[in-house]
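Colleague: Sharing a sequence plus its predicted fold:
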Amino acid sequence: MQLPPSGTRPVRIGSITIGGGAPVAVQSMCATKTTDVDATVAQAEALREAGAGLVRVAVDTERDVMALAEIRRQTKANLVVDLQENFPLAEKVAPFVDKIRYNPGHLHHVRREETIGQKVEFLARVARENDCALRVGVNCGSVAPDFLERHADPMDALIESAIAHCDLLDGRGFERYCVSLKDSDPNKVVTANRRFAARRPDVPLHLGVTEAGLPPDGVIKTRIAFEQLLTRGIGDTIRVSLTLPNPRKPEEVSAGLQILADIRAGRFRSVPDFGRGLNIISCPSCSRVENEAFVGLAEEVKRLTAYAAEHRLTIAVMGCRVNGPGETDDADLGLWCGPTTVNLKRRSELIGSFPYDAVLPRLRAELDRLIASEPSSSPLRV
Ligand code: SF4
């Protein structure tokens, strides 16, 4: 079958176009240190050769910007830069990239004397002057505080934040943008994107299930969301976010291409119900990972907790302090990695920081305690 057309407007990003009837583009993100130019170029090229139409790179510092200039010279990939809290860096990175992603939930951290409208105006001007597109990337773990205050339901806050930024960009005559609305729960990704598309059918959507985790579960969660959205004509570019060691990062691209091929061929998988039983989410890892042991830790967590597979609980494993603390708040147990220790949380409460070789027994003890104390997490009876 052909995917139904999304009906969105075309947005050019480097040598490709998303929306406007263009084929759905698959993208991925480098997990190498951006300052390690050789490694990042090699990974960007590996992703491009695997079929990535866009390759994202994280930039947080001036040193990252200097490295990016050299990376631009050495790769043919269409480059996207991911700005988190340091959005003023946009001006410095824009000459070297084809798209800038900004997170509306992080704009309030710096240049506090400016309004959000002024900050968006700055980003639109920088993008326009440098022939770049923008992505408004809202994320369940980092919704702007004023939207969370105004909306009792976090889903409403997520969607309204995205809509408001579309209005801000439209109001400045800037239409070369797309939007993403991400969550680690595929069902919420489906709801958020369906509701957004109903309100703004003209805006191209970047689809993704954030922190989907290790393959194969991470691919299955993502497939659930993509099948339900792409078959409804929602989605113009996709990323499968997987927790993988660096040499295997191109598997994100092959997984995305495979999902698209299966949907086009009418091959739909049975949909596992992630609302039942133990759900382990882990971030896909990127250059911000604070310790190489992260991927191994995520695998160990999965092995260690297999005995609790029938309990309705979520365990989140995150690679760094940028997104780790916020993204673990909604999990029953969360681990986020620092350089030498792992921070273990029970929902939003920090239990403690433990060396990498000591955290797993603590996790096991906390999981046992949770299972014993909460009847709601008891095994399912089918
Ligand atoms: S949690 Fe940190 S390391 Fe993991 S993908 Fe997000 S920013 Fe990168």
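Modeller: Yes, it's here.

Colleague: Show me what the lengthiest helix in the chain is packed against.
Modeller: For the chain, the helix reaching the highest residue count under DSSP state H is reported as helix 154-171. Packed against helix 154-171 by the contact rule (3 or more C-beta pairs under 8 Å, 6 or more residues apart in numbering; DSSP states H and E) you find helix 116-129, strand 133-139, helix 145-150, strand 177-182, helix 186-199. No exception for glycine: its C-beta is placed from N, CA and C like everyone else's.

Colleague: Tell me which of those sits nearest to the ligand.
Modeller: strand 133-139 (9.4 Å; C-beta to the nearest ligand atom).

Colleague: What is the closest one packed up against?
Modeller: strand 11-13, strand 99-102, helix 116-129, helix 154-171, strand 177-182.

Colleague: Check which residues of the fourth one are buried.
Modeller: This points to helix 154-171. For helix 154-171, burial by neighbour count (16 or more other C-beta atoms under 10 Å) applies to 154-155, 157-166, 168-169.

Colleague: nearest to Gly256, of those?
Modeller: Ala162 (22.1 Å; C-beta to C-beta).

Colleague: count of residues packed around the nearest residue to that closest one once chain neighbours are set aside?
Modeller: Sequence neighbours aside, Val138 is the residue nearest to Ala162 in space, at 4.8 Å (criterion: C-beta to C-beta, 6 or more residues apart in numbering). Applying other C-beta atoms under 10 Å, we find 27 residues neighbouring Val138.

Colleague: now Pro361
Modeller: Counted with other C-beta under 10 Å, the neighbours of Pro361 add up to 11.

Colleague: Just the mean pLDDT for the host helix or strand of it, thanks.
Modeller: Here Pro361 sits within helix 359-373, counting by DSSP states H and E. For helix 359-373, the mean pLDDT works out to 96.

Colleague: Could you list the residues in contact with it?
Modeller: The contact list for helix 359-373 (C-beta atoms under 8 Å, 6 or more residues apart in numbering) reads 297, 300-301, 304-305, 308, 311, 313, 315, 332-333, 335, 341-342, 344, 346, 351-352, 354, 377-378.

Colleague: Give me the distance between the residue nearest to Met318 when sequence neighbours are not counted and Glu252.
Modeller: Spatially, and ignoring its direct neighbours in sequence, Met318 is nearest to Gly324 (3.6 Å; C-beta to C-beta, 6+ apart). Between Gly324 and Glu252 the computed distance is 20 Å (C-beta to C-beta, to the nearest Å).

Colleague: between these two, who's got more neighbours?
Modeller: It is Glu252, of Gly324 and Glu252, that has more neighbours when counted by other C-beta under 10 Å, with 28 against 24.
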